[in-house]
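>>> How does the following fold in three dimensions:
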Amino acid sequence: MFAGLSATYQRGYRLRGFSKHTRILEICESVYDYFGVPIIEMKSKSRTQKIVKPRQIAMHLIRKNVTVSLNTIGSLFGGMDHTTVISSDNTVKGYIESYPGFAKMILEIEDNIAKSFS
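Predicted coordinates:
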């Protein structure tokens, strides 16, 4: 899947037993807390890097860990199109493969999410 990443990352973290809504909310809150971006800004149409990167990461983590449609994920972020969700997911995957520091950041966010469910 992703060269050089741990099996823990590749399997994803365990969120079973919690509702989809709870999992999505927890993922979003963890990403927003990590970057210090208010939730209201994440739902805006802003294209500033301060907003775009956390939004892409949240979309990636939701797509990876919660079984919901691409349209549903897009609607959570201000009515984004399903192709935007696919693009965000692919962008984050590319960064993970290319930049070890980025992969480490994603793992830290996932660890924070997993701790919130412990």
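>>> Mind checking which residue lies nearest the centre of this protein?
Nearest to the mean C-alpha position of the chain, counting by CA atoms, centre = their mean, stands residue 58 at 2.5 Å.
>>> Who are the contact partners of it?
27, 28, 31, 32, 42, 77 (CB atoms under 8 Å, 6 or more residues apart in numbering). In short, each C-beta sits where N, CA and C put it, glycine included.
>>> With residue 39 instead?
Neighbours of residue 39 in contact, by CB under 8 Å, 6+ apart: 28, 29, 32.
>>> where exactly do the helices run in the chain?
7-11, 20-35, 39-42, 49-65, 70-76, 82-98, 100-116 (DSSP state H).
>>> Please state the offset of the fourth one from the chain centre?
Distance of helix 49-65 from its chain centroid, counting by CA atoms, centre = their mean, to the nearest Å, is 4 Å.
>>> okay, the angle between that helix and helix 20-35?
150 degrees (axes from the mean of the first three to the mean of the last three CA atoms, to 10 degrees).
>>> just to revisit the earlier point, ok, and the most crowded of the contacts of residue 39?
residue 28 (22 neighbours; other CB atoms under 10 Å).
>>> Do I have it right that it meets residue 40?
No. Using CB atoms under 8 Å, residue 28 makes no contact with residue 40, being 11.8 Å away.
>>> Please identify the deepest-packed of the helices of the chain.
Highest mean neighbour count among the helices of the chain (mean count of other CB atoms under 10 Å): helix 49-65, with a mean of 20.
>>> okay, the angle between that one and helix 100-116?
Using the same axes, to 10 degrees: helix 49-65 against helix 100-116 is 60 degrees.
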